[in-house]
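**Student:** prediction below, plus the sequence it came from.
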Amino acid sequence: MIIRSAGSRAMLHARASTSFVRLASTTSRDKFKVVVVGGGSGGLAVANQIYNRFKRAGKSLNPGDIAILDAAEYHYYQPGWTLAGAGLRPKSDFQQPLASLFPSYISHIPENVATFSPTTSSVTTSSGSKIGYESLVVAAGLKINWDAIPGLSQGLADPKSGVSSIYSYDTCDKVWRDISNLQSGNAIFTQPAGVIKCAGAPQKIMWMAWDHYRKTGRGYDVKIDFVTGMPSMFSVKKYSDALNALRIERGIGADFQHNLVSIDAGSRIATFKKPDGTTVDRDYTILHVTPPMGPLDFIKASPISDATGWVDVDASTLRHVKYDNVFSLGDCSSLPTSKTAAAITSQAPVVTENLFSLMTVGSLSNARYDGYTSCPLLTGYGELMLAEFKYGLEPKESFAKYLGDQTARRRLFYHLKKDLFPWAYWNRMIKGTWFGPSGPFRPHFD
């Protein structure tokens, strides 16, 4: 047995107390160099990139100078929910405790923001705490309006309703159960009009269902329909034309500009509204629903939002159009491009470079965002169409000069989606070392 003297015990107690105070200081401060609102894909990526940028310039920030505010218990790799819905990966692969993802140099404040006060460079949390900042980055995501469709929440909660959605961790595995259990009948896949995250996902899961039924001998027994509030298969004409041709070739029905407005899960009837205001009822055996989405309420009601509720930023610099020390990226921003994780990989370096320049020399750098985004469109098991484009819905393809036209469906692209991208997300992107089309190589801005 080792017996320590009273002096030794006092020294140990002093060290423990000092350690506790140092640790607590990272979350008890009321002002930070940089405050990031949201601990999702954009928030974690940009916070780490900002820290790394200062360090690389020899101007290292002190540990805790960057704070992320987010009360969520878990962090999700949301693109993985399609893989779970297609039976390719367990959904547990795409969830980690949020607190476990913070490096020691970033403070985590486990609270949500309630209000913004950009004129005083501060935010107020849901508990009433006021947090000041020198620069603010808003990366809070968007709101999924599950209750906007009567009957949807009830249908999702009922394991026998046939209603499912890949747009939630809680329901993405129900998608696979419904798809795999269906022996015959009508399978309807919906997409709402308006802005949603990853606008290709509603049809990705449809293509995977079609291929599953074909491979298991049920292709003639299950009728598949894509019923969408949008006017075409995809926003970019090049990919839309290719997808529509594939839809016709595979015998999948479609109704365009038909918006899902209600579900009667007991009778298995889905009601859709047409452009002229009339409605049509459709019988379904299984119904995959993409719910409508929009800006978060606390942003919509704030002085940093535009008229539609998104954080109002310049489309190229990602700085707020009115408040010079406020930036935004990801789903909550007003950027006129598809809201995807891929878009964030190109947005985060621009925010980082411009924020760093503003804080060190007082003006923005030459870093500009061109609207790059990507949608890896699963079209079956072992194949994928990789859509990449920028502002103006103009294709910006990374592999075309090596492999040819990216409307061609390739196994290589499939394995990027299934295997590489999830690995890169957990091991590189949210740690600030993955930069989209350039992979692990940080872009340089002239």
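**Tutor:** Perfect, thanks for sending it.
**Student:** residue 389: helix or strand, and which one exactly?
**Tutor:** strand 383-390 (DSSP states H and E).
**Student:** what packs against that strand?
**Tutor:** Applying 3 or more C-beta pairs under 8 Å, 6 or more residues apart in numbering; DSSP states H and E, we find strand 383-390 packed against helix 237-249, strand 373-380, strand 394-395, helix 411-415. Every C-beta, even on glycine, is put in place using the N, C-alpha and C of the backbone.
**Student:** quick one: average pLDDT of the last one?
**Tutor:** Across helix 411-415, pLDDT averages out at 98.
**Student:** so what touches it?
**Tutor:** Residues outside helix 411-415 that contact it (C-beta atoms under 8 Å, 6 or more residues apart in numbering) are 376, 378, 381, 382, 383, 384, 385, 386, 399, 403, 406.
**Student:** would you mind listing the buried residues in it?
**Tutor:** 413, 414 (16 or more other C-beta atoms under 10 Å).
**Student:** mind exporting the C-alpha coordinates of the helix or strand following it to CSV?
**Tutor:** Sequence-wise, the next helix or strand downstream of helix 411-415 (DSSP H and E) is helix 421-427. Extracted as CSV, the C-alpha positions of helix 421-427 are listed here (Å, rounded to 0.1, in the frame of the first residue of the first chain):
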residue,chain,number,x,y,z
PHE,A,421,-17.3,9.3,-48.7
PRO,A,422,-18.4,8.0,-45.3
TRP,A,423,-14.8,7.3,-44.4
ALA,A,424,-13.7,10.7,-45.6
TYR,A,425,-16.5,12.3,-43.6
TRP,A,426,-15.6,10.9,-40.2
ASN,A,427,-11.9,10.9,-40.7
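**Student:** who wins on neighbours among the contacts of helix 411-415?
**Tutor:** Neighbour counts for these (other C-beta atoms under 10 Å) peak at residue 378, which has 28 neighbours.
**Student:** go ahead and confirm that residue touches residue 208.
**Tutor:** Yes. Look at residue 378 against residue 208 with C-beta atoms under 8 Å: they come within range, at 5.7 Å.
**Student:** sorry, back to before: make JSON lines out of the contacts of helix 411-415 and add pLDDT.
**Tutor:** Formatted as JSON lines, the contacts of helix 411-415 follow (pLDDT from 0 to 100):
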{"residue": "376", "pLDDT": "98"}
{"residue": "378", "pLDDT": "98"}
{"residue": "381", "pLDDT": "98"}
{"residue": "382", "pLDDT": "98"}
{"residue": "383", "pLDDT": "98"}
{"residue": "384", "pLDDT": "98"}
{"residue": "385", "pLDDT": "98"}
{"residue": "386", "pLDDT": "98"}
{"residue": "399", "pLDDT": "96"}
{"residue": "403", "pLDDT": "97"}
{"residue": "406", "pLDDT": "98"}
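**Student:** how distant is stretch 173-191 from the center of its chain?
**Tutor:** 24 Å (C-alpha atoms, centre = their mean, to the nearest Å).
**Student:** kindly report the same for stretch 139-148.
**Tutor:** 11 Å.
**Student:** what do you get for stretch 148-165?
**Tutor:** That offset, for stretch 148-165, works out to 22 Å (C-alpha atoms, centre = their mean).
**Student:** pull out the buried residues from that stretch.
**Tutor:** 148, 149, 151, 152, 155, 156, 161, 162, 163, 164, 165.
**Student:** show the residue spans covered by the helices in the stretch 51-200 of the chain.
**Tutor:** 80-85, 152-157, 172-181 (DSSP state H, counting those that start in this stretch).
**Student:** ok, which of the ones you listed comes nearest residue 306?
**Tutor:** helix 152-157 (27.9 Å; C-beta to C-beta).
**Student:** correct me, but residue 282 touches residue 227?
**Tutor:** Yes. At 6.9 Å, residue 282 counts as touching residue 227 under the criterion of C-beta under 8 Å.
**Student:** now do the contacts for residue 51.
**Tutor:** Contacts of residue 51 (C-beta under 8 Å, 6+ apart): 61, 66, 103, 105, 106, 432.
**Student:** on that earlier part again, mean neighbour count, the helices and strands packed on strand 383-390: which tops it?
**Tutor:** strand 373-380 (a mean of 24; mean count of other C-beta atoms under 10 Å).
**Student:** direction included, what does that one pair up with?
**Tutor:** Counting by DSSP bridges, the strands paired with strand 373-380 are strand 383-390 (antiparallel).
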